[in-house]
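Asks: kindly generate the corresponding structure for this input.
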Amino acid sequence: MPTQTNAPPRGTGDRIRPVPRGGPLRLSPGQERLWFLDGLRGDGTEYLVWLRWRLRGPWDPEVFARAVTEVVRRHEVLRTRYGDDDGGPVQVVDPPGPVDVTVVDLAGAPDAGARATALLDATGNRPFDLRREHPLRVVVARLAPTEHLVGLTLHHIAADAWSCDVLLRDLDDAYRTVLTGRRPPAPPTVQYADVASWQRARREAAGTAGVDYWRDQLAGLEPVLLPTDRPRGARRDRRGDMLTLDVPEHVARLVGVVGERYGTGAFMTLLAAFQVLLAHRTGRTDIAVGMPAAGRDAPESEDLVGFFVNTLVLRTDLAGGPSFARVLERVRATVLAALTHNDVPFEEVVAAIRPRRDAARNPLFEIMFQVLHTGETPGMLGGATVEPLPMTATDAKFDLVFTVCRDAAGDLHCVLEYAGGLFDRATMRRLAEDYVTLLERLAGEPEARALPPAPAPGAPAAPAHPAVARAPAAGAPTDPVEQAVAGIWARLLGVDDIATDDDFFDLGGHSLLVARVRTALRQTFAVELPLQVLFEATSVAALAAAVTAAVRADVSRLSESQARDLLSRAAREGTR
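Replies: Next comes the predicted model:
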């Protein structure tokens with residue numbers, strides 16, 4: 001099962017309970033972030049999840065299609081759309097119904113394999129319209145009576161790595177149920193919408209305690225950036241590439257021995273070696289990487305499909321020339337503390353830290369590390385053996401996602417998903433090879449020095465505390481549209497005396513508030529601005545100009561004075 005790192009279990013009293021379906025169903029904090037990113041980069045595939053299998057053996061696509069319908073009936077999140085409701089996204093759960101499964105018979109065609117692969121690629125590379133579509137797309141290509149290719153594409157807002165194995169298990173059960181005519185089991189009492197409500201309630205009850213931890217832990221953090229083969233542009237280049245590298249068996253065994261000896265397990269041992277590698281590559285000793293945490297510490301969540309993952313930032317101090325054994329101690333303390341505060345959504349952490357905004361970079365980190373355990377993946381689907389097809393590159397979410405896959409036998413495989421616009425394939429292959437070499441050395445001699453004793457150049461200075469007072473105002477808005485924009489900001493940010501040159505993010509704004517600004521502008525001016533525009537037009541003057549341009553484009557038949565009058569009247573109405 002490709003599971004991610006989970007948090008320590010909580011008390012049994014903190015249970016998830018069903019919520020009424022009569023009113024709006026809010027998204028989970030993690031879903032809200034994905035909803036925002038989907039609106040910002042709506043034509044990309046960064047947040048699509050692909051499952052691709054070759055099935056060998058007796059198997060019926062029509063029975064499979066009925067099994068898919070049953071699984072979608074079982075999991076509400078697979079028949080959920082996402083709309084707006086007075087300033088925020090909401091889940092719209094549709095009733096169960098037949099699911100469209102595309103089945104193409106290519107048996108006997110001379111180019112069946114290539115056509116089947118192209119079909120799966122075309123299906124997998126098409127973005128979802130989350131407002132109108134359910135987040136699941138299924139295609140089957142029949143190559144022979146006993147050979148099929150199956151592709152499932154999901155949006156990350158509805159599924160994570162853990163969900164993929166729940167989905168395969170439930171598809172296998174549903175296939176056998178349909179085939180034998182048995183009555184299908186009842187859906188789980190708790191669904192993902194209930195989890196979302198529970199997560200939000202838990203965050204409200206927790207107050208600022210967890211946020212305070214992350215603010216202190218990440219104060220002054222500068223993202224770790226690897227040297228690139230090409231300059232970083234003003235905007236993110238979403239082209240992605242991928243490569244894999246096997247770890248020799250004797251190195252994998254050393255990892256197991258060291259993890260057992262020092263109580264760090266495979267994940268912390270592999271992470272510690274990776275952070276040492278980054279220190280060598282960058283000359284820094286303040287090393288932070290992102291990590292996806294499973295977020296399934298409640299027992300009701302274990303059998304659900306849904307997006308539970310929260311992103312944690314693991315920051316380790318490698319100064320002082322520590323041995324690998326000492327690095328393991330530091331990494332263990334960092335990981336356990338981070339998992340203890342896993343219930344703070346990443347977006348709240350970003351809002352608390354308020355890192356410098358850059359359209360070409362992610363906040364807080366550009367390198368993610370994860371270990372996926374793949375040993376328990378079911379090997380059958382309705383009587384046919386399941387052979388996972390090789391992964392292919394998608395759009396790059398980060399500079400680098402470094403994944404170590406660990407199977408049931410303890411074998412290790414490195415998978416690097418990286419920004420092809422920044423790095424050459426040869427550069428990434430050397431990085432992976434250096435990681436394996438370093439892993440062998442560190443695990444073979446854990447008491448030896450992992451890094452030189454002298455502080456590496458480039459370590460960040462002591463964190464600077466944000467100034468309490470803002471710079472003097474550049475001038476109060478006088479234009480009606482600017483006044484309306486400033487009023488919307490003041491209401492959402494709780495800030496008075498906003499000037500035309502004030503920056504939304506400097507005033508405490510963050511991604512989710514951007515979405516609420518967009519809704520308020522729609523209600524006031526009847527315009528639909530792309531999220532990308534709101535992310536770039538960060539001053540009152542710039543955003544007012546964008547609103548003006550959008551209104552004029554929509555009413556191009558009017559003269560400039562008529563358009564200005566319309567804007568003024570809309571601004572007055574919107575601020576009453």
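Asks: next, the spatially closest residue to residue 227 that is not a sequence neighbour: secondary structure please.
Replies: In space, residue 227 comes closest to residue 281 once its chain neighbours are excluded; the distance is 7.3 Å by Cβ to Cβ, 6 or more residues apart in numbering. Where you see a C-beta, it was placed from the backbone N, CA and C, and this is true even at glycine. The three-state label for residue 281, taken from DSSP: H, G, I helix; E, B strand; the rest coil, comes out as helix.
Asks: I'd guessed residue 281 sits against residue 228; true?
Replies: No: contact between residue 281 and residue 228 fails when scored by Cβ atoms under 8 Å: they sit 11.7 Å apart.
Asks: you'd agree residue 544 is in a strand?
Replies: No: with three-state DSSP as the criterion, residue 544 is located in helix rather than a strand.
Asks: against residue 551, how distant is it?
Replies: The span separating residue 544 from residue 551 equals 11 Å under the rule Cβ to Cβ, to the nearest Å.
Asks: these two: who's more crowded?
Replies: In this view residue 544 and residue 551 are compared by other Cβ atoms under 10 Å, and residue 544 has more residues nearby, 24 against 20.
Asks: looking at it, that one is touching residue 479, isn't it?
Replies: Yes: with contacts defined as Cβ under 8 Å, residue 544 counts as touching residue 479 at a distance of 6.4 Å.
Asks: neighbours around residue 209, how many?
Replies: A total of 9 residues lie near residue 209 under the criterion other Cβ under 10 Å.
Asks: pLDDT score for it?
Replies: The model reports residue 209 with a pLDDT of 77.
Asks: now do the same contact list for residue 434.
Replies: Under the criterion of Cβ atoms under 8 Å, 6 or more residues apart in numbering, the contact partners of residue 434 comprise residue 277.
Asks: next, it: secondary structure please.
Replies: Under the three-state scheme (three-state DSSP), residue 434 adopts helix.
Asks: next one: residue 395
Replies: Put simply, residue 395 is coil when judged by three-state DSSP.
Asks: can you pull the contacts of it?
Replies: By Cβ under 8 Å, 6+ apart, residue 395 lies in contact with 44-46, 238-240.
Asks: which one of the residues you listed is nearest to residue 152?
Replies: Checking the contacts of residue 395 against residue 152 by Cβ to Cβ gives residue 45 as the nearest, at 14.4 Å.
Asks: rounded mean pLDDT for the helix or strand harbouring residue 329, please.
Replies: Under DSSP states H and E, the secondary-structure element containing residue 329 is helix 324-340. Per-residue pLDDT over helix 324-340 has a mean of 96.
Asks: quick one: buried residues of that helix?
Replies: Neighbour counts over helix 324-340 (16 or more other Cβ atoms under 10 Å) mark 324-329, 331-332, 334-335, 338-339 as buried.
Asks: make JSON lines out of the residues you listed and add distance to residue 522.
Replies: As requested, those are arranged in JSON lines below (distance: Cβ to Cβ, whole Å):
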{"residue": "324", "distance to residue 522": "55"}
{"residue": "325", "distance to residue 522": "57"}
{"residue": "326", "distance to residue 522": "55"}
{"residue": "327", "distance to residue 522": "51"}
{"residue": "328", "distance to residue 522": "52"}
{"residue": "329", "distance to residue 522": "52"}
{"residue": "331", "distance to residue 522": "46"}
{"residue": "332", "distance to residue 522": "48"}
{"residue": "334", "distance to residue 522": "43"}
{"residue": "335", "distance to residue 522": "43"}
{"residue": "338", "distance to residue 522": "38"}
{"residue": "339", "distance to residue 522": "39"}
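Asks: which of those residues sits closest to residue 190?
Replies: For residue 190, the closest of those turns out to be residue 339, at 22.7 Å, with distances computed as Cβ to Cβ.
Asks: in this structure the closest one contacts residue 314, no?
Replies: No: Residue 339 lies out of contact with residue 314 (Cβ under 8 Å); the separation is 9.9 Å.
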